[in-house]
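> Below is the sequence, then the predicted model.
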Number of protein chains: 2
Amino acid sequence: MIIDCHGHYTTAPPQHDAWRKSQLVAFREGRPSPEYPAISDDEIRESIEQNQLRLLRERGADMTIFSPRASAMAHHEGDERVSIEWARACNDLIARVVGLFPETFIGVCQLPQSPGAELKASVAELERCVQMGFVGCNLNPDPSGGWWTSPPLTDRYWYPVYEKMTELDVPAMVHVSASCNPVFHATGAHYINADTTAFMQFIQGDLFADFPDLRLVIPHGGGAVPYHWGRYRGLADMLGKPPLSEHVMKNVFFDTCVYHQPGIDLLFRVIDAGHVLFGSEMVGAVRGIDPETGHYFDDTKRYVDAAALTDAERVQVYSANARRVYPRLDQALRERGQ
Amino acid sequence: MIIDCHGHYTTAPPQHDAWRKSQLVAFREGRPSPEYPAISDDEIRESIEQNQLRLLRERGADMTIFSPRASAMAHHEGDERVSIEWARACNDLIARVVGLFPETFIGVCQLPQSPGAELKASVAELERCVQMGFVGCNLNPDPSGGWWTSPPLTDRYWYPVYEKMTELDVPAMVHVSASCNPVFHATGAHYINADTTAFMQFIQGDLFADFPDLRLVIPHGGGAVPYHWGRYRGLADMLGKPPLSEHVMKNVFFDTCVYHQPGIDLLFRVIDAGHVLFGSEMVGAVRGIDPETGHYFDDTKRYVDAAALTDAERVQVYSANARRVYPRLDQALRERGQ
C-alpha cells in the first residue's frame, strides 16, 4: 500500500475560490460574508477524478492524506473571523471529497489562524474536523504571510494546539501559505525557508521535553535540512543539545517532496527511513514535466522507487510511517481490514 | 593552489568589538561615536596566527578571501552614519590583516547598508576598499536583520551597487548578517534562507539581462537550492524562463560551506564544478568536531578531496573558479608570479 502524506485540493471547483474572493471584498467593505455557494457532488467528483485521482492511479499510489490548498490558506487576509469562515469552508469541502472517495482520500485540516490571534479557534476547528474523521492538521508557523511576526514554534503561544493534538493523537504538518512579502516566492522560497526555520527552532528549543508524543511533519523533504545535516548536527552540539536523533528526530518527520533523484538519494543517505513519509505535494508546486527525464517533476514515487532502500525501508516510507505518525489513519484502514 | 573563498575575521581583537558596543551606546544616547581604539600589529598577528592561519595550514589550503565577521555587520543597528563608521572600521581592519599576511589573505569588504537607506555610501565604500586592494564585497539582501523589508535583489534599488561592481569588475557574496527576528536562528536558519531566497529571486527576475557580467556567489552551498534542484528547474519552467544554466548559472556561483560528505557529494552531483568555489566559512558558524568523523565540521577540504571530481574539476573548485570570479585576485596572484 502506498500512502501519499502530502496532497492539497488545488483543483477545487471555481465557486469555492470565487466565494473566497467575495468574502474578502465583503470584509474590506465592512459587509457580512456572502452565503457559501452550492457545489454539486458531480463537480467535486470531476475535479478529483481528472486530477489527483487520475495521477494517483497513473503513478501507482493508493491513498492521499488530503488537505486544503496550502497557498490559499492565506491567514494574513482579513481577520480571525474571516479565517474561521474560510477554514470551515475549506475543511468542509475536504470532508466532502473524503465522503465521495473514502478509499482514496483522508482529511487533514486547515486551521483558522490569524496574525496575532490566540489559537482558541484553531483548537476548536481541529476538534471539529477530527470529529468529522480528519487525521491531522496543517500548522502555519507564519500566519503573517512572509513577515514572520509570530513567535517560534517552541513558544508557549503554540501550546494550546499542541495540547489538543496530543489529546486527539493527531500530528501536524508545518506548512506556510502564500507570501505577501515580495522577497519570498511562495513555493520557491517561503515554503522551503519555513521548513528550514522550523527545524532550527526545534533544535534551539526543548519543545519535545514538554510534548514527548507530539509529531510534526516538515514537508518538502525538510527544506534545506538534510543537505545541511552536518551543520545542524554541529549547531545542536554548539548549543549544548543532545544529538538530533534524540533531541528532535523522535518527533519530527520529513516527506519526499524533493523533485529530482539526487535530492531523494541524499535524503535517504542522511535521514533514517523510519523518519521519511512518502509525499508528492501533488497537484501542487511544480506541475511540469522534467525535460531531463520525461516525467513529471512531482512524480516522487519514481525517485523513491529508484532510491537505495531495502524492501523493509520502502514499506516504512510508503505506508508504515504514515500509519504510525497518523494513528487515526491507521485505525481507519484497520477498520476496513487494510 | 587552494583558495578558500569564504573566511570571516571572527577572531578580531576584543577592542574592535568593544568599540562597536560603545558606538551603539553613543548612538542611542545621541552622542558622537568614541574614537576607534589602538590595536597593535602584534595583536592582529596573534589573532590570525592562532586561528585562521593555523587552521588554513593544518588543513592544507593556501589563501583565504577574507571579510569582516558577517554576523557582526548588523546593518539593522543604528542608522546609516553608524553603518558607515562600522563598515570603515571593519574593512580597515581587514586591510591591516592583508597587509600583515599578503600571501595568505585578500580582502572582501562589508558595505555600509542600512534599512531603507539608498546605496550611495555602499558604492563609495566599495570603491574605497577596491582602491585598498580588496577584490569583492559582501552584499546583505536583508539589512533589517530578519524582517526582510528591502526589495528583492532584482529590484532597481540595488542597481547602483551592481553598476559599481561591474565597473570595478568585482563580485559580491550574497550574505546576510545577524537575525533580530527570534524565529530565525542566524547561522541555522537566516543564512540558509537568504541563500535560497536570493536564488529564487534570480529565477523570477531578469537581472542578468541587465548585468550580463555581474557575478554573485551564494554561500553555504547555495542554501537549499542544490537539494531542491528539480524544484528550481521546474519553477523556472513554470515561470516561462530559460533553463537555469542560461538564466541564472552564468552569473551565480555556490561555495562548499556544506558540513558533511553527503551534502558535498550532492552539490557536485547537480552543480557543474565550474560553478562551485571552495569555501569553509572558517572560523565561523560551526566550530566543533564531528563525532562521526573525528574532524572539524567546517574542514570542508576533506569533503571536497573525497568527492567524485576529476583532477581538472578539483583545480576549478580549489582555485581556477575563484580566480575567474574574482579577477582582481587573479591579477594579484599573477603579479607575484602565481
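That came through, no problem. Residues are numbered from 1 along each chain as shown, chains lettered A, B, ... in the order given.
> so residue A:282 touches residue A:4, yeah?
Yes: the criterion here is C-beta atoms under 8 Å, and residue A:282 meets it with residue A:4 at 7.1 Å. Any C-beta I mention is one placed from the backbone N, CA and C, and that applies to glycine too.
> Those residues of the stretch 101-250 of chain A touching chain B, which are they?
A:141-142, A:146-148, A:150-152, A:181-185, A:187-189, A:192-193, A:196-197, A:200-201, A:203-204, A:220-221, A:223-224, A:226-235, A:237-238 (C-beta under 8 Å from any C-beta of the partner chain).
> any residues in contact with both of residue A:282 and residue A:4?
Counting by C-beta atoms under 8 Å, 6 or more residues apart in numbering or on different chains, the residues touching both residue A:282 and residue A:4 are A:56, A:64.
> of these two, who's got more company?
Between residue A:282 and residue A:4, counted using other C-beta atoms under 10 Å in any protein chain shown, residue A:4 has the larger neighbour count: 30 against 27.
> list the contacts for the more buried one?
Contacts for residue A:4 (C-beta under 8 Å, 6+ apart) come out as A:56, A:61, A:63, A:64, A:65, A:278, A:279, A:280, A:282.
> Apply 6 Å and report the result again.
Contacts for residue A:4 (C-beta atoms under 6 Å, 6 or more residues apart in numbering or on different chains) come out as A:61, A:64, A:278, A:279, A:280.
> right, and out of those residues, which lies closest to residue A:173?
Comparing the contacts of residue A:4 against residue A:173 with C-beta to C-beta places residue A:279 closest, at 8.9 Å.
> Next one: that closest one relative to chain B, how far apart?
13 Å (C-beta to the nearest C-beta, to the nearest Å).
> How many neighbouring residues does that residue have?
Neighbour count of residue A:279, defined by other C-beta under 10 Å: 30.
> quick one on the thing from earlier: out of the contacts of residue A:4, name the ones that lie in strands.
The strands, defined by DSSP state E, take in residue A:64 from the contacts of residue A:4.
> I'd like the contacts of residue A:4 as TSV, with pLDDT and distance to residue A:258 appended.
TSV is the format used below for the contacts of residue A:4 (pLDDT from 0 to 100; distance: C-beta to C-beta, whole Å):
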residue	pLDDT	distance to residue A:258
A:61	95	16
A:64	98	18
A:278	98	11
A:279	97	9
A:280	95	10
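> and which of the contacts of residue A:4 is nearest to chain B?
Chain B lies nearest to residue A:280 out of the contacts of residue A:4, by C-beta to the nearest C-beta, at 12.3 Å.
> Look up the closest residue to that closest one, ignoring the ones flanking it.
Once flanking residues are discounted, residue A:280 sits nearest to residue A:300: 4.7 Å by C-beta to C-beta, 6 or more residues apart in numbering or on different chains.
> per-residue pLDDT, that neighbour?
Looking at residue A:300, its pLDDT reads 97.
> isn't it right up against residue A:255?
No: with contact defined as C-beta atoms under 6 Å, residue A:300 and residue A:255 do not form a contacting pair (8.6 Å).
> count of neighbours near residue A:268?
Neighbours of residue A:268 using other C-beta under 10 Å come to 20.
> Report the secondary structure state of it.
Following DSSP: H, G, I helix; E, B strand; the rest coil, we place residue A:268 in the helix state.
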